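Enquirer: below are the sequence and a predicted model for it; my questions follow.
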Amino acid sequence: MAERAQSITSQSRSSLGALSLSPVWKRWLNYEFWPFYLLYIPAYFYWFFLALKARHPTYFTAVNPLMNNSGALESSKHHYLKKLPHAWIPTTVRIPEKTPADVGLRLFEQSNIHFPLVLKPDCGERGKGVYVIASKNEFVEKINRLNGNAALMQSYCDYPNEAGILFYRFPKAQKCHISSITTKAFCTLRGNGRDTLGELISQNERIYHRRKMLKTKFDDQWNRVLEEGESFLVEPVGSHNLGTKFMDSCHLNTPRLEDLITHWANQLPGLHYGRFDIKFKNWESLLEGKDFKIIEINGVNAEPTHIYDPKYKLVKAYQDIFFHMDIIYELSKQNRALGYRPKPLFPFLTELIKTATQTAV
């Protein structure tokens, strides 16, 4: 009987293994992988309600006077990143629109930036078009793919940790409030002594959709079997759509951290809602204001990215999205009372169409 029971158990496990979901189904069944337009369908209806309430469809563009469109779109990251102390940010050089490859290469050679470096759109969003570049040939290739768009090249920051800290501050308030903290785990594969790198990538729901590009990137190692326990860093860029795992770390919020974020935000008058994306050595040194770099600042387009934690529930995610939309509405209301005006609809739509039709690098 015991042998029969063991046989039945083994068969059941085999059946469950056969029924294991493919990476494609895992992506569709976990909302963290849903396309932005699909996940945010309920938010579109809520925006319509808030727009009626505000009596202006672009009410949110009055939130951050520092930024074009309050950072919703067509907002230069370099414009306000350069306002911070140099010690707080990576060395950054802006590559203007329609820059030929040879001119871009000359800008690199004249800078204090060395390989590896980060190349990304000046007006990008959601990690699109962000690359870590290791050679001149690769740099020229990516410059040629800019399609006339402005970009930033930054010195690569090798601090091991990355986080996004979302905050808001009402116009007459002294202190910022933190509403979201996301820590990130870069996409790393672990070998099992059986599967090749290509097979491990094809089995992983976080990077399955990028396997063609990754095959080109890791062509010389694609068929190599990773040893048992071997770690392989696939992507050093902390973007969710590139495979990075986002983790809800709101429990790390403290008055000390809010004081630090307030100090940073004080360098940028007119920024009332945004997210600092940072790299840092460790949490303790960060709280002391040491060993960190602010790699990017986002405005009203900044999401509470902690909702993409795999353990987070969809209902709670929508509650958090609507909470932040309420904050944006209230900030707009208070700023409008102080004389700030939202951007008129048609100029905003013109920029929206331009953004939608541009091809990311």
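Expert: Okay, I see it.

Enquirer: all strands for the stretch 201-350 of the chain, in order.
Expert: 231-235, 245-248, 273-280, 292-298 (DSSP state E, counting those that start in this stretch).

Enquirer: which of these sits closest to Pro304?
Expert: strand 273-280 (8.5 Å; C-beta to C-beta). The way it works is simple: take the backbone N, C-alpha and C, and place the C-beta from them, glycine included.

Enquirer: any idea of the angle that closest one forms with strand 292-298?
Expert: Interaxial angle, strand 273-280 versus strand 292-298 (axes from the mean of the first three to the mean of the last three C-alpha atoms, to 10 degrees): 150 degrees.

Enquirer: helices or strands up against strand 273-280?
Expert: strand 161-168, helix 255-265, strand 292-298, helix 314-337 (3 or more C-beta pairs under 8 Å, 6 or more residues apart in numbering; DSSP states H and E).

Enquirer: could I get the buried residue list for the longest one?
Expert: For helix 314-337, the buried set under the neighbour-count rule, 16 or more other C-beta atoms under 10 Å, comprises 317-318, 320-321, 324-325, 327-329, 331-332, 334-336.

Enquirer: what's the answer for the second one, then?
Expert: Of the residues in helix 255-265, those scored as buried under the neighbour-count criterion (16+ other C-beta under 10 Å) are 257-258, 260-262, 264-265.

Enquirer: name the residues that touch that helix?
Expert: Contacts made with helix 255-265 from outside it, assessed by C-beta atoms under 8 Å, 6 or more residues apart in numbering, are listed as 84, 88, 165, 167, 169, 174-178, 271, 274, 276, 286-287, 289, 294.

Enquirer: what's the average pLDDT for it?
Expert: For helix 255-265, mean pLDDT is 98.

Enquirer: and for stretch 348-355?
Expert: For stretch 348-355, mean pLDDT is 90.

Enquirer: now tabulate the buried residues of helix 255-265 in CSV and tack on distance to Leu29.
Expert: Formatted as CSV, the buried residues of helix 255-265 follow (distance: C-beta to C-beta, whole Å):
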residue, distance to Leu29
Leu257, 34
Glu258, 36
Leu260, 38
Ile261, 35
Thr262, 40
Trp264, 38
Ala265, 38
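
Enquirer: against Phe49, how distant is Gln203?
Expert: Distance from Gln203 to Phe49, counting by C-beta to C-beta, to the nearest Å: 42 Å.

Enquirer: quick one, which of those two is more surrounded?
Expert: Gln203 (15 against 11; other C-beta atoms under 10 Å).

Enquirer: find the nearest non-adjacent residue to the more buried one, please.
Expert: Spatially, and ignoring its direct neighbours in sequence, Gln203 is nearest to Pro23 (6.5 Å; C-beta to C-beta, 6 or more residues apart in numbering).

Enquirer: likewise Thr355?
Expert: Sequence neighbours aside, Leu73 is the residue nearest to Thr355 in space, at 4.8 Å (criterion: C-beta to C-beta, 6+ apart).

Enquirer: wait, the one you found sits on Gly299?
Expert: No. If you go by C-beta atoms under 8 Å, Leu73 and Gly299 don't touch, sitting 9.5 Å apart.

Enquirer: and these two? Which one has more around it.
Expert: Legend: neighbour count by other C-beta under 10 Å for Leu73 and Gly299, higher for Gly299 (26 against 19).

Enquirer: who are the contact partners of the more buried one?
Expert: 63-64, 66-67, 69-72, 75, 271, 273-274.

Enquirer: about what we covered before: quick one: buried ones out of the contacts of helix 255-265?
Expert: Neighbour-count burial (16+ other C-beta under 10 Å) applied to those gives 165, 167, 169, 176, 178, 271, 274, 276, 286-287, 294.

Enquirer: tell me where this protein has helices.
Expert: Taking DSSP state H as the criterion, the chain contains helices spanning 2-18, 23-29, 36-39, 41-54, 77-81, 101-110, 136-144, 197-203, 211-217, 255-265, 283-287, 314-337, 345-357.

Enquirer: dump the ones you listed to a markdown table, plus distance to Cys157.
Expert: As requested, the helices of the chain are exported to a markdown table (distance: least, C-beta to C-beta, whole Å):
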| stretch | distance to Cys157 |
| --- | --- |
| helix 2-18 | 41 |
| helix 23-29 | 29 |
| helix 36-39 | 26 |
| helix 41-54 | 32 |
| helix 77-81 | 13 |
| helix 101-110 | 17 |
| helix 136-144 | 18 |
| helix 197-203 | 25 |
| helix 211-217 | 21 |
| helix 255-265 | 16 |
| helix 283-287 | 13 |
| helix 314-337 | 27 |
| helix 345-357 | 27 |
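
Enquirer: what about Arg190, neighbour count?
Expert: Other residues close to Arg190 by other C-beta under 10 Å number 12.

Enquirer: comparing the helices of the chain, which yields the minimum mean pLDDT?
Expert: Looking at the helices of the chain, the bottom one is helix 2-18 with a mean of 40.

Enquirer: now for Lys290: which residues touch it?
Expert: Lys281.

Enquirer: any idea how far it is from Asn161?
Expert: Distance of Lys290 to Asn161, given as C-beta to C-beta: 13 Å.

Enquirer: list residues touching both of these two?
Expert: Lys281.

Enquirer: closest one to Pro116 among the strands of the stretch 201-350 of the chain?
Expert: Taking C-beta to C-beta, strand 231-235 is the member of the strands of the stretch 201-350 of the chain nearest to Pro116, at 12.5 Å.

Enquirer: so what strands line up beside that closest one?
Expert: strand 187-190 (antiparallel) (DSSP bridges).

Enquirer: state the mean pLDDT of the strand it pairs with.
Expert: 95.
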